[in-house]
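> 3D, please:
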Amino acid sequence: MSRVGKKPINIKDVQVTLSGDTLKVKGKLGELEMKVHPNMTVEINGDELTVKRPNDLKENRALHGLTRALIQNMVQGVTEGFTKVLDIVGVGYRAELKGKNLLLNVGYSHPIYFVPPDEIKLEVPTQTQIKVSGIDKELVGLVAAKIRSFRKPEPYKGKGIKYSDEIIVRKAGKTAG
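Residues are numbered from 1 along each chain as shown. Predicted structure coming up:
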């Protein structure tokens with residue numbers, strides 16, 4: 001039995017509706033929906049939601065834990081939301097918000113103008129920090145990765161855009177021989 005898949009999900013603060021193979025989760029921050037794989041069965045019992053699988057085939061065992069984790073992320077997203085923090089390291093590297101869009105100066109001859117999806121909220125508390133937040137965990141991670149890809153951190157000085165909890169392994173530079 002899947003250890004992740006058999007844990008029940010607490011749905012006390014959210015409204016969950018299952019119509020056919022579409023699961024909708026509505027909370028105080030918004031609404032998300034997902035298609036449930038036809039092999040998985042979702043049961044709602046009062047304040048708990050459980051995911052069941054038909055048999056122990058390898059595909060179904062994998063889908064069991066995955067489906068439960070995706071539903072848990074949806075519930076957590078509509079109640080608390082998700083946030084990723086990016087740090088900008090480098091002399092003259094900075095970010096600023098222009099309306100809802102992000103303007104990055106990260107060492108190129110031109111500034112980078114990034115337009116986020118409607119579901120994502122960007123904040124720039126300081127010129128060297130960007131907060132990406134939203135209710136969809138996958139989309140928050142995708143947008144944060146896209147912003148990071150504009151200037152990935154380099155291993156010698158650590159200049160670039162990195163996640164706040166990321167550790168950059170430094171390399172030794174050239175030594176005079």
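> OK, contacts around residue 56?
For residue 56, no contacting residues are found, by Cβ atoms under 8 Å, 6 or more residues apart in numbering. The way it works is simple: take the backbone N, C-alpha and C, and place the C-beta from them, glycine included.
> and it, that's in a helix?
No: under DSSP: H, G, I helix; E, B strand; the rest coil, residue 56 falls outside any helix and is assigned coil.
> tell me how far it lies from residue 158.
47 Å (Cβ to Cβ, to the nearest Å).
> just residue 176 next, same as before
Distance of residue 176 to residue 158, given as Cβ to Cβ: 22 Å.
> this protein: helices as residue ranges?
58-79, 137-149 (DSSP state H).
> so can I have a markdown table of the ones you listed showing mean pLDDT and mean neighbour count?
Formatted as a markdown table, those follow (pLDDT from 0 to 100; neighbours: other Cβ atoms under 10 Å):
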| stretch | mean pLDDT | mean neighbour count |
| --- | --- | --- |
| helix 58-79 | 94 | 18 |
| helix 137-149 | 96 | 17 |
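> what's the closest of those helices to residue 12?
helix 58-79 (9.5 Å; Cβ to Cβ).
> elements contacting that closest one?
strand 9-10, strand 22-26, strand 31-35, strand 48-52, helix 137-149 (3 or more Cβ pairs under 8 Å, 6 or more residues apart in numbering; DSSP states H and E).
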